[in-house]
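Colleague: Sequence plus the predicted model coming up.
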Amino acid sequence: MRTFILAALLIATSAFASVARTRNDVDLVFDKNKGRIYALYARELRKNPYLQGEIVLSLSIAADGTVTKCNVASSTLYHRELEKLIVEHFTSLNFGAKGTQPFSLKFPITFISTANAKK
């Protein structure tokens, strides 16, 4: 009887541990770290108040939460240095261990300048 209970507990534990990562998990980590990204943008915005656009990152996250790949899939910012800094920041993030499979996604970030609204 104890063997059966132990086996059921191990199966339940491994099923819980292998819950797959979701887009919502990535959004939560981004929300906790977006201050740094927007600070990078604000610094560049002081140099060019009309800087705006969207950057789409291609991300791969390992099961242990480390970012194994991050690059710019597309961008309308046209600001390579800012794009590079954003990629470096995302590469340094840890999304926490979850599941057993890597997780890949495209992650868009939109930057809007208020200077354009004042025209």
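Modeller: Now that the structure is in, tell me what you want to look at.

Colleague: residue contacts, the residue nearest to R23 when sequence neighbours are not counted?
Modeller: Take R23 and drop its neighbours on the chain: the residue closest to it by CB to CB, 6 or more residues apart in numbering is L105, 6.3 Å away. Glycine gets a C-beta too; all of them are placed from N, C-alpha and C. Listed by CB atoms under 8 Å, 6 or more residues apart in numbering, the contact set of L105 reads R23, V26, S58, L59.

Colleague: Pretty sure the third one sits against S104.
Modeller: Yes: counting by CB atoms under 8 Å, S58 sits close enough to S104 to count as a contact (7.5 Å).

Colleague: shared neighbours of these two, which are they?
Modeller: K69.

Colleague: Please pull up the helix or strand immediately following the worst-scoring helix or strand of the chain on mean pLDDT.
Modeller: One helix or strand of the chain scores below all others by mean pLDDT, DSSP states H and E: helix 2-17, with a mean of 43. Counting by DSSP states H and E, the element after helix 2-17 in chain order, helix or strand, is helix 23-47.

Colleague: What is that following helix packed up against?
Modeller: Judged by 3 or more CB pairs under 8 Å, 6 or more residues apart in numbering; DSSP states H and E, helix 23-47 is in contact with helix 80-92, strand 103-111.

Colleague: Would you reformat the ones you listed as CSV and include mean pLDDT?
Modeller: As requested, these are exported to CSV (pLDDT from 0 to 100):
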stretch, mean pLDDT
helix 80-92, 97
strand 103-111, 96
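
Colleague: Give me the more crowded residue out of S58 and S104.
Modeller: S58 (15 against 11; other CB atoms under 10 Å).

Colleague: That one: what's it in contact with?
Modeller: K69, C70, N71, V72, A73, S104, L105, K106, F107.

Colleague: Mind checking which of those are buried?
Modeller: In these, burial by neighbour count holds for C70, F107, counting by 16 or more other CB atoms under 10 Å.
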